[in-house]
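S.K.: A predicted structure for the sequence below; I have some questions about it.
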Amino acid sequence: MAMYCGIDLHSRDCWLAILDDRLKVVREAKINNDLEAILDFFKPYREDLEGIAVESTFNWYWLVDGLSEAGYQMHLVNTWAVKQWEGLKYSDDRHDARWLAHLLALGILPEGYIYPKQERSVRDLLRRRAFLVRKRTSFLLAMRGAFECRTGMRTTSSEVKRWTVEDVEFYLDDPVEALGITCLLEPMKALDGQIRIIDKEAIGRARLRDEFSPLLSVWGIGKVLALTMMYEVGEIARFRKVGNFASYCRLVKSARFSAGKRKGSGNARNGNPYLSWAFSEAAHFAVRHHPPAKKYFQRKRSKTNGIVAIRALAHKLARASYYVMKDQVDFDPKRVFG
């Protein structure tokens with residue numbers, strides 16, 4: 001008899017539920033996060049288990065890797081795409097585990113991509129880099145905003161990066177106001193140093209696979225962003241259409257329509273936030289260094305605002321990137337910007 005298991009994973013423990021092919025509960029239990037204990041739980045059903053579904057929580061690596069190495073067929077659940085029955089009066093971790101097993105048995109489980117274990121360390125390092133870059137940007141914008149608020153003088157991010165304590169104190173007579181800006185200078189420079197270390201390590205350890213090499217021809221994408229995209233995409237062949245890829249990059253509108261009328265928003269968080277960030281970064285670089293991209297951005301901004309305009313450009317670059325990877329061709333700005 002075929003059996004299916006769902007695991008609702010938490011930081012200290014997990015709920016496991018095994019269903020048979022008639023969707024009846026065979027066994028369920030709450031177990032501490034101990035791989036040996038979990039393997040013991042599965043031992044009597046090893047030959048009948050068709051698959052195990054595990055939520056893609058923050059701590060899934062050890063469990064999915066351990067069970068895969070033990071020979072079980074693993075399915076990583078796309079948590080944001082899973083829906084419960086509407087109108088449920090009661091739900092808990094045990095029912096969540098049953099529900100995952102239920103979806104797996106029916107063949108309708110929304111699944112995420114299980115990235116190869118040996119490549120995850122570089123991917124996670126590049127994700128940490130993205131986190132540090134966002135932090136650095138927040139410090140930079142905070143200093144820039146505070147300076148312009150107190151002096152009425154316009155400045156640029158490039159100028160802020162070159163500031164010293166003396167530069168700020170020259171324009172601000174109040175030492176407390178000056179300290180409110182200069183206190184962020186050293187943290188920003190420290191982040192700069194760590195980002196450079198990560199860049200050097202990532203470029204030294206990782207090699208851009210041949211199918212991703214055309215990304216380097218796309219405006220705004222350099223070696224580090226190309227590596228980030230490669231590690232987040234995994235295999236471009238898993239995206240059947242360009243729209244699927246753009247949606248995975250979180251660069252399409254999220255909305256529900258019925259009879260031609262909008263009926264609320266869709267699941268905006270379904271997709272890869274790191275690809276969303278990477279293409280937004282590429283869009284910023286493209287605006288700075290390529291006039292047609294800047295012109296497109298300015299045209300969009302005149303109708304909306306800067307954030308929406310950058311996202312529109314990021315969407316355009318993501319679609320172009322899909323085709324350069326899929327067709328193994330160089331980026332053609334005339335086809336993208338006319």
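M.R.: Received it, and whenever you're ready, just let me know what you need.
S.K.: Against residue 285, how distant is residue 161?
M.R.: Computed with Cβ to Cβ, to the nearest Å, the distance linking residue 161 and residue 285 is 15 Å. For glycine as for every other residue, the C-beta is placed from the backbone atoms N, C-alpha and C.
S.K.: and what of residue 162?
M.R.: Residue 162 sits 19 Å away from residue 285, going by Cβ to Cβ.
S.K.: Settle it for me: which of the two has more neighbours?
M.R.: The residue with more neighbours, out of residue 162 and residue 285, is residue 285; 16 against 8, by other Cβ atoms under 10 Å.
S.K.: Quick one: residues contacting the more buried one.
M.R.: Each residue near residue 285 by Cβ atoms under 8 Å, 6 or more residues apart in numbering is listed here: 219, 220, 221, 222.
S.K.: could I get these as JSON lines with secondary structure and neighbour count?
M.R.: Putting the contacts of residue 285 into JSON lines (DSSP: H, G, I helix; E, B strand; the rest coil; neighbours: other Cβ atoms under 10 Å) gives the following:
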{"residue": "219", "secondary structure": "coil", "neighbour count": "20"}
{"residue": "220", "secondary structure": "coil", "neighbour count": "24"}
{"residue": "221", "secondary structure": "coil", "neighbour count": "24"}
{"residue": "222", "secondary structure": "coil", "neighbour count": "14"}
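S.K.: Of those, which is the nearest to residue 275?
M.R.: residue 221 (11.9 Å; Cβ to Cβ).
S.K.: In contact with that closest one, which residues?
M.R.: Going by Cβ under 8 Å, 6+ apart, residue 221 touches 215, 229, 282, 285, 317, 321.
S.K.: any idea what the residue nearest to the first one when sequence neighbours are not counted is structurally, helix, strand or coil?
M.R.: Read it as residue 215. Spatially, and ignoring its direct neighbours in sequence, residue 215 is nearest to residue 226 (4.3 Å; Cβ to Cβ, 6 or more residues apart in numbering). At residue 226 the chain is in helix, as set by DSSP: H, G, I helix; E, B strand; the rest coil.
S.K.: Okay, now the unreliable bits of the stretch 1-150 of the chain?
M.R.: 84-90 (pLDDT under 70).
S.K.: now the helices for it?
M.R.: For the stretch 1-150 of the chain, the helices defined by DSSP state H, counting those that start in this stretch occupy 35-42, 61-69, 93-106, 120-151.
S.K.: Which other helices and strands does the shortest one contact?
M.R.: Which is helix 35-42. Contacts defined by 3 or more Cβ pairs under 8 Å, 6 or more residues apart in numbering; DSSP states H and E place helix 35-42 against strand 13-20, strand 25-32, helix 61-69.
S.K.: Let me have the ones you listed in CSV, extended by distance to residue 152 and mean neighbour count.
M.R.: Listed next are those as CSV, based on distance: least, Cβ to Cβ, whole Å; neighbours: other Cβ atoms under 10 Å:
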stretch, distance to residue 152, mean neighbour count
strand 13-20, 57, 21
strand 25-32, 60, 14
helix 61-69, 51, 15
